[in-house]
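Colleague: Let's see this in three dimensions:
(chains A and B)
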There are 2 protein chains.
Amino acid sequence: MARTATASPTVRAPKSANHLEQLTRLVNQTLERLLPRSAVSPQVVHEAMRYCVLSGGKRFRPLLALGACEAVGAPARQALPVGCALELIHTYSLVHDDLPAMDDDDLRRGQPTCHKKFDEATAILAGDALLTKAFEVLALPRTHSDPAVRCELVWELAVASGGHGMVGGQMVDLWAEDHELDLNGITRLQQLKTGKLIDFSCQAGAVLGKAPRALRQCLRNYAHDLGLAFQIADDLLDVEGTVEEVGKAVQKDADAGKATFVSILGVERARTQAHMLADQAIKHLDPFEEKADLLRAVARYVVERRS
Amino acid sequence: MARTATASPTVRAPKSANHLEQLTRLVNQTLERLLPRSAVSPQVVHEAMRYCVLSGGKRFRPLLALGACEAVGAPARQALPVGCALELIHTYSLVHDDLPAMDDDDLRRGQPTCHKKFDEATAILAGDALLTKAFEVLALPRTHSDPAVRCELVWELAVASGGHGMVGGQMVDLWAEDHELDLNGITRLQQLKTGKLIDFSCQAGAVLGKAPRALRQCLRNYAHDLGLAFQIADDLLDVEGTVEEVGKAVQKDADAGKATFVSILGVERARTQAHMLADQAIKHLDPFEEKADLLRAVARYVVERRS
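Modeller: You can find the predicted model right below:
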């Protein structure tokens, strides 16, 4: 991740690349500490939780929270617990989406999916426990000294990830298996399935830093464009990536005859669109000046990544 | 429910029977209002959420929260949002437990289980959305004006229902399908699977009413004994009830050769034990005097119910 960020001409402060790497390490260390020990009874559910969360992952959402926090003038590491809560929610959604009754995937982050490594019941329960753990983490005093801030985070995360957000998006995605979506339909699906959580990732930083309304709106615009860029890049990886690079099955959408940004726009237009959206996202960060370098690096990474 | 409560000699204030019925209605009305409309997109997940929550149910946990709130001197209805959050968590756990990969049940509250009425993917997602919705409800300002109280509720509910609580208990329950548990093992399983949420139901009332430590401990003792009584009564219904009365499959544990309180103690000793525990639970309520009549009525109902 660091190499890509360094290569990007839009990362003005060279410290950002190291910063990004350093923060990813911090996220991983915090996740490691927050998750229950495998040796604690009932062992299997905790072992499965650790397996799913600690088996890699780009920590994209935590980095957004950390970046947004830094952009509004609070120390990035202040957003570590929220970043971890985001990663727990994201991971639970992957575990449940991978189940045979949903996307039926065998591989995730280059390893057997949770239900393959353990079994379906364990995967359902580990997902439930990860989702629950996210709210436990947000409610803890160490997340922020002001309980009103913690409550706002709990409420916003619940709205972003529930039936009107991420879960609703997954429902539309399943529905889309038997219904043809046009570009508007796919955009709406993306906004629910991945967009709402990406938006919350940025808003969380703003909430922690008690940012004024105008700056929150800038972050909202950044998240909007970046979310779309992220999804298009994901669709491109499904078409162009290899299993080894991506760490999960590829060509899934094409094989299922599912409409995606790439199937509608074609590879070249989709790639151009993704880069244009990332540039546009970065443009929304102007008011933050150099304080948003971390968010700029994340935006570049999103469209340049190979996994 | 009202009839049973009226018949109980331990309900000293006759208003409690009506009170209990009235509060159950209030819980149902509040749940109805809190759940997303079926017409809102994506419809299916919201329709499934409403189907599962509004298809009946004894509202045992909400009544405990309302009763505990009243016992510590706060108006019972102040605990309505928390009671509803508890019911959302309880319902999600039933939806996921009923899945083919877990208990594989076709009938719940006298109706087809969620995955039978809809499909497995919808049941998984509706469960996820209900679980998420519970935390959304707790974080809302209308739950309590003090955000520190709301944060405490979020944290305690997450701990009670996660990997160290209810979800952990379900994991042990699955493990117990291939392992013989003794009385201690079954008690430990019950304390995780149902006990922790019953404990939180009572503590929630105490948190809302900002009850002193000594009274919280009385409620904790009440919840401990009542939780055990509840589980024994449930095991008795599995042996003695009919599908029509109970609204779900019966004889499941016996058919699966699973150890339960009844298989170990026998029907008569189990019944005596359940009543003894309910009496003991009621005894812990003495310091609250007549303010705990609602909790007394709930305790009686738990061991006298036929469904």
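Colleague: Helix or strand for A:Asp293, just tell me which one.
Modeller: helix A:293-304 (DSSP states H and E).
Colleague: Can you dump the C-alpha atoms of stretch A:44-55 in PDB for me?
Modeller: Extracted C-alpha coordinates of stretch A:44-55, given in PDB (Å, rounded to 0.1, in the frame of the first residue of the first chain):
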ATOM      1  CA  VAL A  44     -14.400 -21.600  18.700                       C
ATOM      2  CA  VAL A  45     -16.400 -18.400  18.300                       C
ATOM      3  CA  HIS A  46     -13.500 -16.300  19.500                       C
ATOM      4  CA  GLU A  47     -11.100 -18.300  17.300                       C
ATOM      5  CA  ALA A  48     -13.300 -17.700  14.300                       C
ATOM      6  CA  MET A  49     -13.600 -14.000  15.000                       C
ATOM      7  CA  ARG A  50      -9.800 -13.600  15.200                       C
ATOM      8  CA  TYR A  51      -9.300 -15.800  12.100                       C
ATOM      9  CA  CYS A  52     -11.700 -13.500  10.000                       C
ATOM     10  CA  VAL A  53     -10.400 -10.100  11.300                       C
ATOM     11  CA  LEU A  54      -6.700 -10.800  11.600                       C
ATOM     12  CA  SER A  55      -6.200 -12.600   8.200                       C
END
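Colleague: So which residues lie in contact with that stretch, not counting its own?
Modeller: Outside of stretch A:44-55, the residues within contact range by CB atoms under 8 Å, 6 or more residues apart in numbering or on different chains are A:28, A:31-32, A:35-38, A:40, A:87-88, A:91, A:94-95, A:108-111, A:114, A:117-118, A:122-123, A:125-126, A:129-130, A:133, B:163, B:167-168, B:171, B:175. Backbone N, C-alpha and C define where each C-beta goes, glycine included.
Colleague: Let's see that with 6 Å instead.
Modeller: Applying CB atoms under 6 Å, 6 or more residues apart in numbering or on different chains, the contact partners of stretch A:44-55 are A:31, A:35-36, A:38, A:40, A:91, A:95, A:109, A:111, A:114, A:118, A:122, A:125-126, A:129-130, B:163, B:168, B:171.
Colleague: if we can go back for a sec, can you give me the offset of the helix holding A:Asp293 from its chain's centre?
Modeller: Centre-to-centre, helix A:293-304 and its host chain are 13 Å apart (CA atoms, centre = their mean, to the nearest Å).
Colleague: which secondary structure elements does that helix contact?
Modeller: helix A:2-7, helix A:15-34, helix A:60-71, helix A:213-240, helix A:267-283 (3 or more CB pairs under 6 Å, 6 or more residues apart in numbering or on different chains; DSSP states H and E).
Colleague: quick check: angle from it to helix A:60-71?
Modeller: On the basis of axes from the mean of the first three to the mean of the last three CA atoms, to 10 degrees, helix A:293-304 is oriented at 150 degrees to helix A:60-71.
Colleague: now helix A:293-304 and helix A:267-283, what's the angle there?
Modeller: Using the same axes, to 10 degrees: helix A:293-304 against helix A:267-283 is 180 degrees.
Colleague: With just CA atoms, put helix A:293-304 into CSV.
Modeller: Output of helix A:293-304 as CSV, limited to C-alpha atoms (Å, rounded to 0.1, in the frame of the first residue of the first chain):
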residue,chain,number,x,y,z
ASP,A,293,-2.8,14.3,2.9
LEU,A,294,-3.6,10.9,4.4
LEU,A,295,-7.1,11.0,2.8
ARG,A,296,-5.5,12.0,-0.5
ALA,A,297,-3.1,9.0,-0.3
VAL,A,298,-6.1,6.7,0.5
ALA,A,299,-8.0,8.0,-2.6
ARG,A,300,-5.0,7.3,-4.8
TYR,A,301,-4.6,3.9,-3.4
VAL,A,302,-8.2,3.0,-4.0
VAL,A,303,-7.9,3.3,-7.7
GLU,A,304,-4.4,2.0,-8.1
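Colleague: For that helix, list every residue counted as buried.
Modeller: A:293-304 (16 or more other CB atoms under 10 Å in any protein chain shown).
Colleague: which ones are touching the spatially most central residue of chain A?
Modeller: With distances taken as CA atoms, centre = their mean, the residue of chain A nearest its centroid is A:Arg61 (3.9 Å). Taking CB under 6 Å, 6+ apart, we find A:Arg61 in contact with A:86, A:90, A:201.
Colleague: Put the buried members of those into a ChimeraX selection.
Modeller: In ChimeraX, a selection of the buried entries from the contacts of A:Arg61 looks like this (16+ other CB under 10 Å):
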select /A:86,90,201
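Colleague: Export the contacts of A:Arg61 to a markdown table and append columns for pLDDT, secondary structure and distance to chain B.
Modeller: Below are the contacts of A:Arg61 laid out as a markdown table (pLDDT from 0 to 100; DSSP: H, G, I helix; E, B strand; the rest coil; distance: CB to the nearest CB, whole Å):
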| residue | pLDDT | secondary structure | distance to chain B |
| --- | --- | --- | --- |
| A:Leu86 | 98 | helix | 14 |
| A:His90 | 98 | helix | 13 |
| A:Ser201 | 98 | helix | 16 |
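Colleague: Between the contacts of A:Arg61, which sits nearest A:Glu244?
Modeller: Nearest to A:Glu244 among these: A:His90, at 22.4 Å, using CB to CB.
Colleague: separation between the nearest residue to that closest one once chain neighbours are set aside and chain B?
Modeller: Once flanking residues are discounted, A:His90 sits nearest to A:Arg61: 5.6 Å by CB to CB, 6 or more residues apart in numbering or on different chains. Distance, A:Arg61 to chain B, by CB to the nearest CB, to the nearest Å: 16 Å.
Colleague: Check A:Gly266 too.
Modeller: 28 Å.
Colleague: picking up where we left off before, with distance to A:Val159 as extra columns, can I get the contacts of A:Arg61 in a markdown table?
Modeller: Output for these, formatted as a markdown table (distance: CB to CB, whole Å):
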| residue | distance to A:Val159 |
| --- | --- |
| A:Leu86 | 14 |
| A:His90 | 16 |
| A:Ser201 | 14 |
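Colleague: Would you mind listing what in chain A touches chain B?
Modeller: Contact residues (CB under 6 Å from any CB of the partner chain) of chain A with chain B: A:36, A:42, A:44-46, A:96, A:101-102, A:120-121, A:124-125, A:128-129, A:131-133, A:135-136, A:139, A:147-148, A:150-151, A:154-155, A:158, A:161-163, A:167-168, A:170-172, A:174.
Colleague: Next step: these restricted to helices.
Modeller: Using DSSP state H to define helices, the subset of these located there is A:44-46, A:96, A:120-121, A:124-125, A:128-129, A:131-133, A:135-136, A:139, A:147-148, A:150-151, A:154-155, A:158, A:161, A:167-168, A:170-172, A:174.
Colleague: Of those residues, keep whichever come out buried.
Modeller: A:44-46, A:96, A:120-121, A:124-125, A:128-129, A:131-133, A:135-136, A:139, A:147, A:150-151, A:154-155, A:158, A:161, A:167-168, A:170-172, A:174.
Colleague: so where's chain A uncertain?
Modeller: For chain A, residues meeting the criterion pLDDT under 70 lie at A:1-17.
Colleague: switch the cut-off to 80
Modeller: For chain A, applying pLDDT under 80 flags the ranges A:1-19, A:39-41, A:243, A:245-246, A:249-257, A:306-307.
Colleague: that older thread, quick one, which of the helices and strands packed on helix A:293-304 is packed in tightest?
Modeller: Neighbour counts (mean count of other CB atoms under 10 Å in any protein chain shown) averaged over each of these peak at helix A:60-71, with a mean of 29.
Colleague: how much distance is there from it to the middle of the chain?
Modeller: With CA atoms, centre = their mean, you get 11 Å for helix A:60-71.
Colleague: just the angle between it and helix A:15-34, please?
Modeller: Using the same axes, to 10 degrees: helix A:60-71 against helix A:15-34 is 120 degrees.
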